[in-house]
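**Q** sequence isn't available, so here's the structure alone:
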């Protein structure tokens, strides 16, 4: 059975039955209402929106449930980086009428599993037909931070702390999808990217000490580049970030190799934090309290650009309309 | 110049420069942050999401600016129907890399004009490439209503009040796009659908008297059908809603003709309200205060179904995956 046989009502009912969060205390509106009502959970609201073409998420080893999972993971990551706890989301779908019923069910299952894992409610959304499938997710979160950290507050001397474990998506980006398909560890770590919601707590409770924050959705080099460019300073990388042990073996411990694979990637959803030097221990202690893997990879410096010791680092960026680009890291504008 | 020549950075910069709302009092995050922060404007948050394929909005007489306008109008309508004042939105776009620069600029202009007209801030969004263009808009609003009206609260005896002026989209739906192209009044009234934000004030201040509320985004017959089905009652239509004078002339005043064209349509964004009989005057007085065109078209009745005097009315519905369907109005499920 395909969506064209099942019809919109069936699709929407399937989503609502297995995915939608019921009204909580003090809430009234529920499916099939077109809007939902919420009471604020903290003084400040954070909202974000992320969208994907399904084909861009469709690594050969990902099924539709992995696509649902991955898209929701990406959507909540922006809220966490700003010190928010993602509370709920709305999901709009563009689906081809040739999509099979089991593919639809897998997609919904992936959304549901991510929603339960991250404790993020799915409140509603919209369904459309599209020849080329797409997913748009809007997330609402709340934060107690009086000033959520921006991307532009980095100052020379701040420590650069990177959460997450790198190398698997870098392997895919550098070696290609076909070769990666047969590398077990790459498949394992990229099938369902994981976001650590607890980082939101660390950021909101340390917002005075965190000068800048951004997630690693488009690759670590691009995140470092963006933070340094917007903050008008540079970053000196002294250590590679944490990498999967399999990458370490593959690189035989060579730091240049480790850096190449960990800087280049995407959908990694670690967070890069700039931390004021006198408060580094505060932030580290909180990251450790939540068992969040992280590494202090270096420092912000006055000189523009990204450097690993003396050498300037290349910046990789995927442009939606142009494809992969390499940027020079000291350039004031792309 | 096409998007593939301009690149993602250019597209995103163009949107941010001419469209994005700056941080207000007490807000911090702004472009290019991936999330925005907001302080609540009323005790209860309302959120909704609407998405469209660009081709479905692309009537031959609509340019890209009209598409931007129309999509934003539709997105805020759901919030208004629930008694909310739309405050801000996020816009995700899937655009073909063959889109021309002037088409992009027109689209942005349409969003901006709607955003200014409705006083709804555009806070951010996401841009993707897509072979088949689409727009997803997530809206956040606030309401003072303790219980926003649902679609299921209609009770026999309630008055049915319909805001808005009908007939133009019904003409398109019944006569086809080609014939409609040469009918001036149809083109004029469907080029840029208008939403009345003030209805949000009327609903929030009369929420105790309004038993049910829903917007007319998918045609008046489908809205009446949905309200009656979810409320487990019927609706007896005694008068057609307000129609454009040109439709009145076209129909030579024949009520059956007026009803046919006004029930069948879409993107009309009037609101259908169920109003408790003893408070009808309260609600009418508030609608009149804001100069909102409306008509009391009938009453909710105990008997299931939609009726015009004795005759059962057909229900038209566009199914995203199946196309146009005709439903029987007394059927408990589609």
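**A** Right, received. Where do you want to start? Since this is a predicted model, take the numbers as computed values, not measurements.
**Q** what sits up against the helix or strand hosting residue A:171?
**A** In the assignment (DSSP states H and E), residue A:171 maps to helix A:168-175. Contact with helix A:168-175 is made by A:59, A:180, A:183, A:185-186, A:188-190, A:219, A:244, A:247, A:250, A:260-268, A:316, as judged by Cβ atoms under 8 Å, 6 or more residues apart in numbering or on different chains. The way it works is simple: take the backbone N, C-alpha and C, and place the C-beta from them, glycine included.
**Q** how many neighbours does residue A:178 have?
**A** Residues lying near residue A:178 (other Cβ atoms under 10 Å in any protein chain shown) number 8.
**Q** and residue A:40, by the same measure?
**A** Burial of residue A:40 is recorded as 17 neighbouring residues (other Cβ under 10 Å).
**Q** residue A:12 now?
**A** Neighbour number of residue A:12 under other Cβ under 10 Å is 18.
**Q** so what's it up against?
**A** Applying Cβ under 8 Å, 6+ apart to residue A:12 gives the contacts A:32, A:127.
**Q** wasn't it part of a helix?
**A** Yes: looking at residue A:12 with DSSP: H, G, I helix; E, B strand; the rest coil, it is inside a helix.
**Q** chain neighbours aside, what residue packs nearest to residue A:187?
**A** Spatial nearest neighbour of residue A:187, excluding adjacent residues (Cβ to Cβ, 6 or more residues apart in numbering or on different chains): residue A:61 at 4.7 Å.
**Q** wait, isn't that neighbour in contact with residue A:182?
**A** No: using Cβ atoms under 8 Å, residue A:61 and residue A:182 do not qualify as a contacting pair, with a distance of 9.9 Å.
**Q** more neighbours: which of the two?
**A** Between residue A:61 and residue A:182, counted using other Cβ under 10 Å, the more crowded position is residue A:61 (15 against 9).
**Q** which residues touch that one?
**A** A:181, A:187, A:190-191.
**Q** do you have the helices of chain A handy? List them.
**A** Taking DSSP state H as the test, the helices found in chain A are A:3-19, A:54-57, A:64-81, A:101-118, A:168-175, A:177-180, A:184-191, A:198-205, A:220-231, A:245-250, A:255-263, A:280-289.
**Q** just these: most buried one?
**A** Using mean count of other Cβ atoms under 10 Å in any protein chain shown, the stretch among those with the largest mean neighbour count is helix A:64-81, at a mean of 26.
**Q** residue ranges of each domain in chain A, please.
**A** Following automatic domain parsing, one finds the domains of chain A at A:3-143, A:159-328.
**Q** for chain B, see how far away residue A:274 is.
**A** Using Cβ to the nearest Cβ, to the nearest Å, one gets 14 Å for the distance from residue A:274 to chain B.
**Q** beta partners of that residue?
**A** Under DSSP bridges, the beta-bridge partners of residue A:274 are residue A:160, residue A:212.
**Q** quick one, what contacts it?
**A** Taking Cβ under 8 Å, 6+ apart, we find residue A:274 in contact with A:149, A:153-155, A:158-160, A:210-213, A:227, A:231, A:300.
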